[in-house]
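> Here you go, sequence then predicted model.
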Amino acid sequence: MPTDFSTVPVLDYSKATDPNLRAEFIEELRNAVINVGFLYLSNHSVDPAVVKAMTDHYIPRLFALPQEEKESIKMANSPHFFGYTEFAREFTKEKADLREQFDYGVPFVNKYQPGEPDYKKLWGPSQWPQENMIPGFKATWNTYLSQVEDLGYDFVQLLAECLDLPSDALNEFFDKDKIIENAKGNVMHQAKIVKYPPVGTVESNQGIGPHFDAGFLTFLLQASANPGLQVQNMAGEWIDVFPIPGTFVINIGRALEHVTQGLARATCHRVVAPLRGTSSRYSIPFFQNLRQEVCLNDVHLEIKPEMLALKEKRGYVADREGVNYAEYGTEAAGTVALIGRVKSHPDVGQIHYPELTKQLFPHGLPEWA
Ligand SMILES: O=C(O)CCC(=O)C(=O)O
Ligand SMILES: [Fe+2]
């Protein structure tokens, strides 16, 4: 019998550091990672005061900035695809997402040299609104990013363990020293601050269309009480992931799925836009990236047969219609990431990566873009 799910499990992170409960936590993690691809994490290590400062204070002020201030840091300025994207100007499979957002990365100094692959241009500094327009935002947001980054690295060790791999088995996808010393600045992770205004109707409600995340792990903060996030189970049903205060929602990206031979499950998800007459939904997804140079097929993890048997037991999703990132088998991770960014933001791609954009859209930017 295939194992399917009808809710997303809640895991208590404090168990991971309790010698009496750790084994139970690892078992719960294994189930979530293999059979669901999504979990809530409670009692996590990110400071609740920082989360509260973001949700209660900075997010509303950020979206309330004058439109011209937002435009001054628009994404089109940035070869790193960082900055402001106005409402309905990002696309999932050629259809506009009904959301407005600011894209950021953890602090990173660009090291691109002429002659290197284009993807080396992808990581670099973020764009910031003027400090006096939103005092304290930059410092608080960077603290938040740094704490989620640390949680991410700690979580990767547990993840390896739950798949019965040595706890350092996944380090090579990052910068090994970075994981060990937790030094900052070698792999650039991304995050966005998102607003889904209440514009949904029965005919048109794509907050973000069905998709898979690209990278390793995603740490999502649901920053308001509004529902909307849904994940697809094996039977193809959409399961609600209602906000639970004090938790992160963590899910598996396609890179992690690929390197675990499909054992860790990337799960299709979407956001249904809030209906007209209700209120805005806010969220902060943090996307854990991997080293740009790695080609995933060159790395072979020794996953034990009894673990892989759990994948067979789980079975396969009937509908993999949303599957993308097929290039992971042949291209460096950086190239896969760059292709994904250009597909989501073709107008930005055209400015900073004209050749690649031309390859992806040989007949010019399509109507929808
Ligand atoms: O806003 C959310 O709750 C989810 C967003 C998401 O899935 C994404 O941006 O990849
Ligand atoms: Fe996502």
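Here it is on my side, so go on. Residues are numbered from 1 along each chain as shown. Ligands and ions are numbered 1, 2, ... in the order given.
> So what pairs up with the residue in the chain that ligand 1 sits nearest to in the strands?
Distances between the chain and ligand 1 by Cβ to the nearest ligand atom are smallest at residue 283, namely 3.4 Å. For the C-beta atoms, the positions are set from N, CA and C on the backbone; glycine is no exception. Residue 283 has these beta-bridge partners by DSSP bridges: residue 194, residue 222.
> who touches it in this structure?
194, 196, 220-224, 229, 271 (Cβ atoms under 8 Å, 6 or more residues apart in numbering).
> For residue 151, which non-adjacent residue is closest in space?
Excluding the flanking residues, the one nearest residue 151 by Cβ to Cβ, 6 or more residues apart in numbering is residue 45, at 5.1 Å.
> Which of the three states applies to that neighbour?
coil (DSSP: H, G, I helix; E, B strand; the rest coil).
> That one: neighbouring residues, count only.
By the measure other Cβ atoms under 10 Å, the count of residues near residue 45 is 15.
> can you pull the pLDDT of it?
The model reports residue 45 with a pLDDT of 97.
> Quickly note the distance from it to residue 149.
The gap separating residue 45 from residue 149 is 11 Å, by Cβ to Cβ, to the nearest Å.
> cool, residue 285 as well?
From residue 285 across to residue 149, the span is 14 Å (Cβ to Cβ).
> helices or strands next to the regular element (helix or strand) spanning residue 101 in the packing?
Using DSSP states H and E, the element containing residue 101 is strand 100-105. On a contact count with 3 or more Cβ pairs under 8 Å, 6 or more residues apart in numbering; DSSP states H and E, strand 100-105 meets strand 83-85, strand 190-196.
> tell me what the last one is packed against?
Helices and strands touching strand 190-196, by 3+ Cβ pairs under 8 Å, 6+ apart, are helix 59-63, strand 100-105, helix 137-162, strand 281-287.
> What mean pLDDT does that strand get?
If you average the pLDDT over strand 190-196, you get 98.
> That strand near ligand 1 anywhere?
Yes - using Cβ under 6 Å from any ligand atom, strand 190-196 reaches ligand 1 at residue 194.
> report the angle between the axes of that strand and strand 100-105?
Between strand 190-196 and strand 100-105, the angle comes out at 170 degrees (axes from the mean of the first three to the mean of the last three Cα atoms, to 10 degrees).
> And the next helix or strand past strand 190-196?
Counting by DSSP H and E, what follows strand 190-196 is strand 206-211.
> all strands for the stretch 251-369 of the chain, in order.
Under the criterion DSSP state E, counting those that start in this stretch, the stretch 251-369 of the chain contains strands at 269-272, 281-287.
> Quick check: closest non-adjacent residue to residue 329.
That would be residue 297: by Cβ to Cβ, 6+ apart, it lies 5.2 Å from residue 329.
> What is the burial count for the one you found?
Using other Cβ under 10 Å, residue 297 has 12 neighbouring residues.
> Same question for the one 10 residues further on.
Summarising burial for residue 307: neighbours were counted as other Cβ under 10 Å, giving 17.
> so what's it up against?
Per Cβ under 8 Å, 6+ apart, neighbours of residue 307: 163-164, 263.
> Check what pLDDT residue 324 gets.
pLDDT at residue 324 comes out at 60.
> hang on, the earlier thing: just the contacts of residue 283 now: which is nearest residue 94?
Residue 94 has its nearest neighbour among these in residue 271, at 17.3 Å by Cβ to Cβ.
> For stretch 334-352, buried residues please.
334-350, 352 (16 or more other Cβ atoms under 10 Å).
> do stretch 109-120 as well
If you call a residue buried by 16+ other Cβ under 10 Å, then stretch 109-120 has these buried ones: 119-120.
> Please name the residues that touch residue 165.
Counting by Cβ under 8 Å, 6+ apart, residue 165 makes contact with 301-303.
> one step back: need the contacts of residue 283 in TSV (columns: neighbour count and distance to residue 312).
Shown next, in TSV, are these (neighbours: other Cβ atoms under 10 Å; distance: Cβ to Cβ, whole Å):
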residue	neighbour count	distance to residue 312
194	26	37
196	27	38
220	24	29
221	23	34
222	24	33
223	20	38
224	19	40
229	26	29
271	26	32
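> from those residues, which single one is nearest residue 65?
Of all those, residue 194 has the smallest distance to residue 65: 15.1 Å, by Cβ to Cβ.
> Hmm, that closest one is touching residue 98, no?
No - applying Cβ atoms under 8 Å as the test, residue 194 and residue 98 come out as separate, 10.8 Å apart.
> ok, residue 365 touching residue 354?
No - in this structure, residue 365 is not within contact of residue 354 by Cβ under 8 Å, at 11.1 Å.
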